[in-house]
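Colleague: sequence and predicted structure are below.
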Amino acid sequence: MTQQWRETHKPKETGAQLLERILKQRRQRWEQQKLAEFKEKGKNPPKDWQKKYPEPVEPDTSELQELPEGWVWTSLDMLGDLVSGVTKGNKRKAEIVTREVAYLRVANVQRGYLDLEVIKSIEATEDEIRKFTLESGDILFNEGGDRDKLGRGWVWNGEVENCIHQNHVFRMRPYLTELVPELISHHGNTFGQQWFQTAGKQTTNLASINMGILKRFPLPLAPIEEQGVLFDQLNMELSNIDAQIINVASSLKQTDAQRKNILKSAFSGELVEQDPNDEPASVLLERIKAEREERAKQAKPKRVKKKSSEAKKLMKTLREVLMAENEWIDAQEAFRQCGVSDGTDSDRIEELYAELRRLDKEKILDTKRVGDYDQLKLKSKP
């Protein structure tokens with residue numbers, strides 16, 4: 001989209017030079033954060049503490065396409081700070097002080113836009129609120145649930161004041177505010193859709209990506225000036241598509257109205273020339289009515305009702321399902337017995353996903369892989 005622009009413009013710095021500047025800022029922020037931690041604990045920095053700096057994850061470019069001149073492949077870990085959010089239903093000690101605050105769920109973070117019609121609240125500590133409060137320019141990525149939710153997201157622009165995010169929504173905050181965050185999000189929603197499905201994990205009918213997968217997500221980095229030009233052209237193309245969608249919808253509406261007019265003319269006898277020898281409609285209707293009344297007088301055969309098998313009662317928890325089964329059961333079937341189907345609310349899926357983790361953490365869950373699916377079973381008591 002910016003090929004012609006590159007032919008007549010030479011940016012002040014290349015993508016590689018921009019990346020070098022970003023990585024320098026990345027290291028400076030880490031050092032500042034570590035020094036602040038030492039100061040908070042009242043300790044002096046130990047010798048060679050800078051050597052513990054975690055180098056950013058390099059992207060695997062072996063199967064990636066060649067980029068335009070001046071661009072460079074990077075990873076998400078190179079470009080910004082990645083964090084997970086607050087955990088819903090986290091048990092706390094009675095003395096821990098919390099307060100209610102708005103938070104983003106997976107359902108709020110759609111592919112290319114934010115659905116903020118319903119914003120729920122959650123109890124969080126002041127430290128969690130400070131750590132997870134969203135800032136304008138933050139880029140959001142969904143952990144998963146269903147495969148179509150993997151990595152989908154959009155850019156936060158301060159739509160809700162003092163809003164945090166839950167742990168199933170990752171937040172990436174660019175190290176340089178000069179970067180165009182929408183381009184990163186568009187890349188995640190297009191190229192990333194297939195990449196996350198390949199790299200993600202499939203467990204018990206649910207798909208997910210973790211922090212490690214997200215950090216190595218490959219991103220093309222263009223010079224800052226070209227990013228602005230690319231973003232403007234992309235917005236123009238998307239506006240043209242929106243206009244086309246509106247025009248198509250208007251045409252379909254007009255077509256539907258025309259169809260109704262044609263049907264009205266047809267039933268009014270206005271489409272073809274009338275034959276005076278045809279049977280009047282009133283006589284035809286009377287004859288149809290008489291035939292219906294005659295059929296109604298005839299005895300109707302009794303219908304034999306088939307006894308339907310009693311439907312399995314939907315259970316509320318995975319523990320109930322596994323206790324009732326007492327044998328190996330497909331994970332997909334276990335979730336179905338808990339009420340999971342197409343269109344199930346994402347909060348319900350997240351609730352079952354959390355319960356599955358609890359059972360595994362309690363070491364009372366056996367799992368095994370059979371073909372492409374997982375099977376579950378509660379461990380026998382010793």
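Modeller: It's in. Numbering: from 1, shown residues only.

Colleague: beyond the one helix or strand Gln258 maps to, next helix or strand please.
Modeller: Per DSSP states H and E: Gln258 is located in helix 224-267. Scanning forward in sequence from helix 224-267 by DSSP H and E, the next helix or strand is helix 281-297.

Colleague: out of the helices and strands in the chain, which is least certain?
Modeller: strand 201-203 (a mean of 68; mean pLDDT, DSSP states H and E).

Colleague: checking the nearest residue to Asn189 once chain neighbours are set aside next. Helix, strand or coil?
Modeller: Leaving out its chain neighbours, the residue that sits closest to Asn189 by C-beta to C-beta, 6 or more residues apart in numbering is Arg111, at 4.9 Å. Where C-beta positions appear, they are placed from N, C-alpha and C, glycine not excepted. Put simply, Arg111 is coil when judged by DSSP: H, G, I helix; E, B strand; the rest coil.

Colleague: can you show me the helices along this structure?
Modeller: Counting by DSSP state H, the segments of the chain that form helices are 3-8, 15-40, 76-79, 126-132, 181-189, 191-199, 211-215, 224-267, 281-297, 318-325, 331-337, 346-361.

Colleague: quick one: the shortest one to chain centroid distance?
Modeller: So the one you mean is helix 76-79. 20 Å (C-alpha atoms, centre = their mean, to the nearest Å).

Colleague: show the average pLDDT along it.
Modeller: Helix 76-79 shows a mean pLDDT of 97.

Colleague: again, but for the second one
Modeller: The pLDDT scores in helix 15-40 average 95.

Colleague: can you point out the buried residues in stretch 371-382?
Modeller: Asp374, Gln375, Leu376, Lys377, Leu378 (16 or more other C-beta atoms under 10 Å).

Colleague: whoops, I mixed them up, stretch 20-35
Modeller: Ile22, Leu23, Arg26.

Colleague: and those residues as CSV, adding distance to Phe141?
Modeller: Listed next are the buried residues of stretch 20-35 as CSV, based on distance: C-beta to C-beta, whole Å:
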residue, distance to Phe141
Ile22, 19
Leu23, 21
Arg26, 19
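
Colleague: thinking again about what came up before, just name the most buried of the helices of the chain.
Modeller: helix 76-79 (a mean of 24; mean count of other C-beta atoms under 10 Å).

Colleague: got the CA positions of that helix in PDB?
Modeller: Listed next in PDB are the C-alpha coordinates belonging to helix 76-79 (Å, rounded to 0.1, in the frame of the first residue of the first chain):
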ATOM      1  CA  LEU A  76       5.800  -8.500  20.300                       C
ATOM      2  CA  ASP A  77       8.200  -8.900  23.200                       C
ATOM      3  CA  MET A  78      10.600  -6.400  21.500                       C
ATOM      4  CA  LEU A  79       8.100  -3.700  21.000                       C
END
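
Colleague: residue ranges in the stretch 101-250 of the chain under the pLDDT threshold?
Modeller: Residues of the stretch 101-250 of the chain that meet the criterion pLDDT under 70 lie in 202-205.

Colleague: next one, pLDDT for the nearest residue to Thr125 once chain neighbours are set aside please.
Modeller: Spatial nearest neighbour of Thr125, excluding adjacent residues (C-beta to C-beta, 6+ apart): Thr98 at 5.4 Å. Thr98 is assigned 92 on the pLDDT scale.

Colleague: residue contacts, Thr98?
Modeller: Arg92, Glu123, Ala124, Thr125 (C-beta atoms under 8 Å, 6 or more residues apart in numbering).

Colleague: any chance of these in TSV, plus distance to Gln332 and neighbour count?
Modeller: Output for the contacts of Thr98, formatted as TSV (distance: C-beta to C-beta, whole Å; neighbours: other C-beta atoms under 10 Å):
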residue	distance to Gln332	neighbour count
Arg92	34	11
Glu123	33	17
Ala124	34	23
Thr125	37	15
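
Colleague: domain ranges for this structure?
Modeller: In the domain annotation for the chain, the residue ranges read 56-236, 318-378 (automatic domain parsing).

Colleague: among those, which is nearest Lys289?
Modeller: domain 318-378 (43.9 Å; C-beta to C-beta).

Colleague: next one: Leu82 from Lys52, what distance?
Modeller: To Lys52, Leu82 is 19 Å away according to C-beta to C-beta, to the nearest Å.

Colleague: those two: which has the busier surroundings?
Modeller: Ranked by neighbour count (other C-beta atoms under 10 Å), Leu82 and Lys52 place Leu82 first, with 17 against 9.

Colleague: quick one: contacts for the residue nearest to that one when sequence neighbours are not counted?
Modeller: The spatially closest residue to Leu82, leaving aside those adjacent along the chain, is Met172, at 5.2 Å (C-beta to C-beta, 6+ apart). Residues in contact with Met172 (C-beta under 8 Å, 6+ apart) are Leu76, Leu79, Gly80, Asp81, Leu82, Asp138, Ile139, Leu140, Phe141, Ile184, Leu214.
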